[in-house]
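*Asks:* Compute the structure for the input listed below.
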Amino acid sequence: MKLIINLLIMLSTQLILAGEIRDKEVINETIKIYIEGQRTDNQELIKKVFHSDANLKFISIRDNEYKIISIERYLTFFSNKKEREFEENIFYIDIVGTAANVKLSLKYETFQYTHYMNMLKTGEGWKIVNKITCQENF
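*Replies:* Here you go, the predicted model:
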């Protein structure tokens, strides 16, 4: 009996770990779609990874004021008309159950965006529900 219980515990642990690994892979793929949308100025790719009521928060470098932008407004910044050049770096993906946080940076020639993406595992998959951004100029 003890052997069966130990085997069930080991199997459960393996299934949980496999699920966490799969979630991390899916989140990583979602973030790569976001990065490609940024690089190619593709509104549809950006829209695909955000929840429909997501918002973006930041301190404006123009007036040092706290700003909130809806996903609808954010999507208007993309028009499929240009290619952006930057280096991307995914620093971490932290997952707890159906919630995740991702830190990444997009480093351009003269400035860098650092993003903290809060994500939730919805019926439509992992979606960005909130993005906090900081722009640093060089």
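*Asks:* got any ranges where this protein has weak pLDDT?
*Replies:* Within the chain, the segments meeting pLDDT under 70 span 1, 5-19.
*Asks:* got the contact list for stretch 91-111?
*Replies:* With CB atoms under 8 Å, 6 or more residues apart in numbering as the contact definition, stretch 91-111 has outside contacts at 20, 23-24, 27-28, 31, 35, 38, 84-90, 112-121, 126, 135-138. Using the backbone N, CA and C atoms, a C-beta is placed for each residue, glycine as well.
*Asks:* Filter those residues down to just the buried residues.
*Replies:* In the contacts of stretch 91-111, burial by neighbour count holds for 23, 27, 31, 35, 38, 86, 88, 90, 112-115, 117-121, 126, counting by 16 or more other CB atoms under 10 Å.
*Asks:* doesn't residue 90 fall inside a strand?
*Replies:* Yes - inclusion of residue 90 in a strand is indicated when DSSP: H, G, I helix; E, B strand; the rest coil is applied.
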